[in-house]
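Participant: With the sequence up front, the predicted model follows.
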Amino acid sequence: MAEASPLLVAAFVGLTFTVVGAFLVGVRAAARATEPGTAGRLTARAALGAGAWMALTLALAASGRLRFDTMPPTALLMVVVILGIAIGLGRSGLGARLSAGLPLAALVGFHAFRLPLELIMHRAYEIGLMPEQMSYSGLNFDIVTGASAIVVAALLAAGKVSATWAKVWNVVGFGLLLNILTVAMLSTPTPFRVFMNEPANVWITRPPWVWLPAVMVLAAMLGHIVLFRRLHGAGTHTVAATGKVAGAAVR
């Protein structure tokens with residue numbers, strides 16, 4: 001398998017920590033808006049959880065335990081766990097606080113990380129680390145989500161567009177995320193592989209690329225679920241039902 005340059009690795013690792021940092025900033029801001037007295041404790045718990053998860057997935061990748069040729073494939077089990085964590089967090093009290101306590105523009109703008117991520121992934125394809133179909137030269141159009149997140153978030157922050165724009169954007173962005181997840185799974189060396197070109201999608205089992213599904217995909221999925229809750233009022237209603245929100249959700 002091709003090896004990435006130190007610059008590409010540093011760019012990916014840096015972006016990963018930026019995404020995690022943005023998540024923690026969001027947790028703190030949302031807690032301050034919904035239940036100020038718990039902001040420090042909730043942020044610390046989120047930081048410990050995120051750090052432990054990153055360390056665990058990196059250790060699994062470094063040990064070689066994430067594979068597609070075992071039965072069941074341990075790498076696919078990891079993907080199932082990642083999706084389960086994203087859904088669980090999105091539906092949890094934390095997801096409710098993020099939904100109710102952050103501005104709509106921030107919930108959309110968070111997804112801007114998908115623009116530089118796609119540039120990194122395209123470079124990974126160019127050097128032979130990742131299959132073409134997982135890049136924007138192939139069947140991955142998620143760069144549209146990242147670029148449009150910046151525009152839509154700016155328009156929302158300026159009051160130039162209504163929440164309808166966020167609804168449409170979220171549906172399209174979620175669809176593009178599901179698209180690349182499907183392409184990625186059909187590119188793995190498993191019995192249901194469809195894309196037979198090389199290399200197969202095995203780079204995500206190695207450090208630090210394991211953070212692509214373990215952090216980046218998890219963050220994108222969680223972000224969409226939280227935004228769905230906000231747009232449908234579920235986050236605000238859930239937190240308000242606890243009696244811990246003073247006033248309405250942040251616009």
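Facilitator: The structure has been received and is ready for your questions.
Participant: any low-confidence regions in this structure?
Facilitator: For the chain, the stretches flagged by pLDDT under 70 are 234-251.
Participant: which SS class is D69?
Facilitator: When classified by DSSP: H, G, I helix; E, B strand; the rest coil, D69 comes out as coil.
Participant: for it, what are its contacts?
Facilitator: By CB atoms under 8 Å, 6 or more residues apart in numbering, the contact list for D69 reads P189. (Glycine included, C-beta is placed from N, CA and C.)
Participant: ok, now how distant is it from M130?
Facilitator: 19 Å (CB to CB, to the nearest Å).
Participant: next one: G159
Facilitator: 40 Å.
Participant: which helix is the longest one in the chain?
Facilitator: As assigned by DSSP state H, the longest helix anywhere in the chain is helix 6-34.
Participant: Show me what counts as buried in that helix.
Facilitator: By neighbour count on 16 or more other CB atoms under 10 Å, the buried set for helix 6-34 is 8, 11-12, 15-16, 19-20, 22-24, 26-34.
Participant: From the contact counts, what lies against that helix?
Facilitator: Helix 6-34 is packed against helix 39-63, helix 93-101, helix 114-126, helix 211, helix 218-231, with contacts defined by 3 or more CB pairs under 8 Å, 6 or more residues apart in numbering; DSSP states H and E.
Participant: ok, 6 Å please
Facilitator: Counting by 3 or more CB pairs under 6 Å, 6 or more residues apart in numbering; DSSP states H and E, the packing neighbours recorded for helix 6-34 are helix 39-63, helix 93-101, helix 114-126.
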